[in-house]
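K.L.:
Got a predicted structure here, sequence first:
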Amino acid sequence: MDPVTPLRLVGERVIVRIAGPDDVAAILDYFERNRDFLKPFEPTRSASFYTETFWRSRVMSDSHDYDEGRAMRCFLFDKHDDRTVLGMANFNSIIRGVAHHCTLGYGLGEHSEGRGLMREALELVIAHAFGPLNLHRIQANYMPHNRRSGGLLRRLGFQVEGYARDYLMLDGQWEDHVLTSLTNQEWRQV
């Protein structure tokens, strides 16, 4: 990971990149616009989550985590209006050593669903994970009732590996998850 060159992945309709301080207003706008829509899929958010102070700190720590190889937390921006946040795609808990894997998390704003934007964005980040980051495995999990998410992962080639009861506390309650993964057949030991 090159700390000098900020991550910027460009697709036909989306730009996926790690946010900077100039993006804080757009990030806050995204979370405010989608607060009710995203609520069932996220942890309970404190009031501070919706503040400029929180996001100024968060974008700095996200950039640092990427530079240090711990995580890759990105936002999806509209290619024709790069001040509009459409969603997010994150590689959390990047582990090296004998594992070379991470956990994928993603979310899209309510009015961006059903247009193939998340698929386009995830194809970009997966190519980056399996290319420059040289990860061997990406784990992604979804709630069983979230058929749209399950279908997306299936179309991207993720394989179901199991079922986890009470896996994450989202919106104040424990939620079961279907566990999936995608492996990099081109992985190389360096």
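P.N.:
The structure has been received and is ready for your questions.
K.L.:
For residue 41, see how far away residue 145 is.
P.N.:
11 Å (Cβ to Cβ, to the nearest Å). C-beta here means a position set from N, CA and C on the backbone, and glycine is covered the same way.
K.L.:
Mind checking which of those two has more residues around it?
P.N.:
For residue 145 and residue 41, the more surrounded residue by other Cβ atoms under 10 Å is residue 41, and the numbers stand at 16 against 11.
K.L.:
okay but the more buried one is in contact with residue 148, surely?
P.N.:
No - contact between residue 41 and residue 148 fails when scored by Cβ atoms under 8 Å: they sit 10.9 Å apart.
K.L.:
What's opposite the most centrally placed residue in the chain in the beta bridge?
P.N.:
Nearest to the mean C-alpha position of the chain, by Cα atoms, centre = their mean, lies residue 89 at 1.9 Å. Taking DSSP bridges as the rule, residue 89 bridges to residue 74, residue 106.
K.L.:
Where is the longest helix in this protein?
P.N.:
For the chain, the longest helix by residue count, based on DSSP state H, is helix 52-67.
K.L.:
Other residues contacting stretch 147-161?
P.N.:
113, 118-119, 122-123, 126, 138, 140, 142-144, 178-182 (Cβ atoms under 8 Å, 6 or more residues apart in numbering).
K.L.:
who does the helix or strand where residue 179 lies touch, helix- and strand-wise?
P.N.:
Assigned by DSSP states H and E, residue 179 belongs to strand 173-183. Here strand 173-183 touches strand 137-142, strand 159-170, going by 3 or more Cβ pairs under 8 Å, 6 or more residues apart in numbering; DSSP states H and E.
K.L.:
Thanks a lot, see you next time.
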